[in-house]
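Peer 1: quick one, what's the 3D model for this:
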Amino acid sequence: MGLAFIALGALASTRAADAAPETFPSLKAGSITYTNVKVLNKSKYDLFVQHAGGMANIKVKELDKSTQLQLGYTLVEPPSTNAPARARVVPTLQDIEIDPYYEELYEQLVWESQEALKQFKPEVVYGGLGALFLVYLFFCYCCRLICRKVGQKSVALVWLPLFKHIPLLRAAGLSPGWFLTILIPPVYLIVYIVWCFKIARARGKSAWVGLLLLLPVLNVLAFLYLALADKLSAAEAAALNRRDPFPQHTRRMAA
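Peer 2: Numbers count the residues shown, from 1 in each chain. You can find the predicted model right below:
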């Protein structure tokens with residue numbers, strides 16, 4: 001969801017940047033000359049352009065000095081090798097710069113994302129985000145059903161990203177402290193494997209269901225089976241009636 005909102009921001013910035021593009025009849029970069037050039041985006045190290053032959057990513061250092069100045073780049077003279085050596089200064093956090101390679105990679109990724117988003121209408125993007133949000137709500141609801149059906153009472157955390165692991169771990173009979181292993185992917189993978197078999201046992205299902213939770217695509221069906229199979233007990237139904245934000249007919253369909 002966070003990446004989707006970042007993409008929307010990139011789309012908005014792209015539309016703003018398209019207001020006054022810079023154009024050149026020809027632009028020479030190294031040994032290559034581009035014609036009918038329109039500058040789409042500029043970064044510290046790269047120039048993203050559209051030309052007669054398509055699109056290109058040009059390194060600023062490949063342009064001649066006059067073109068760099070025309071594009072708004074400030075020339076920085078390299079340090080003289082004859083300059084007296086100065087005392088070594090330990091850089092502070094503010095002085096640390098990102099590796100130019102990764103900065104270029106990030107800027108190119110943002111530019112390519114902006115170009116890809118131009119192909120979609122805003123209505124399509126917003127509609128996709130809305131559908132994504134509804135899928136997330138249904139996933140949280142299934143998590144809630146699983147926790148309720150194994151006897152968990154406090155399941156409010158299932159609606160929060162990441163924190164939903166706490167009630168799900170409790171439902172499988174595991175300590176909520178294992179939630180912190182999400183910061184250590186190798187350990188978290190082991191915890192997840194154990195959780196799959198334990199949650200299947202807690203729901204009264206066979207180990208085959210736990211195995212299916214580990215398989216791509218089939219894990220979605222196994223998860224839905226754990227959430228929607230079997231009807232709620234009278235106590236569980238009463239608890240859902242008090243707190244469930246979904247309509248009653250939706251709850252009956254899920255049961």
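Peer 1: for the stretch 101-250 of the chain, which residues score under the pLDDT cut-off?
Peer 2: Across the stretch 101-250 of the chain, the ranges flagged by pLDDT under 70 are 101-103, 231-250.
Peer 1: which stretches in it count as helices?
Peer 2: 122-149, 165-171, 185-202, 207-212, 218-228, 234-243, 248-254 (DSSP state H, counting those that start in this stretch).
Peer 1: among those helices, which comes closest to residue 105?
Peer 2: Of all these, the one in closest proximity to residue 105, counting by C-beta to C-beta, is helix 185-202 (22.5 Å). Every C-beta, even on glycine, is put in place using the N, C-alpha and C of the backbone.
Peer 1: ok but residue 28 is inside a strand, no?
Peer 2: Yes - applying DSSP: H, G, I helix; E, B strand; the rest coil, one finds residue 28 inside a strand.
Peer 1: that one contacts residue 58, correct?
Peer 2: No - in this structure, residue 28 is not within contact of residue 58 by C-beta atoms under 8 Å, at 9.8 Å.
Peer 1: out of these two, which sits in the more crowded spot?
Peer 2: residue 58 (21 against 14; other C-beta atoms under 10 Å).
Peer 1: tell me if the more buried one really is in a strand.
Peer 2: Yes - with three-state DSSP as the criterion, residue 58 is assigned to a strand.
Peer 1: before we move on, the earlier item: common neighbours of residue 28 and residue 58, please.
Peer 2: Here residue 28 and residue 58 have residue 34 as joint contacts, going by C-beta atoms under 8 Å, 6 or more residues apart in numbering.
Peer 1: so which helix or strand takes in residue 35?
Peer 2: Using DSSP states H and E, residue 35 falls within strand 32-42.
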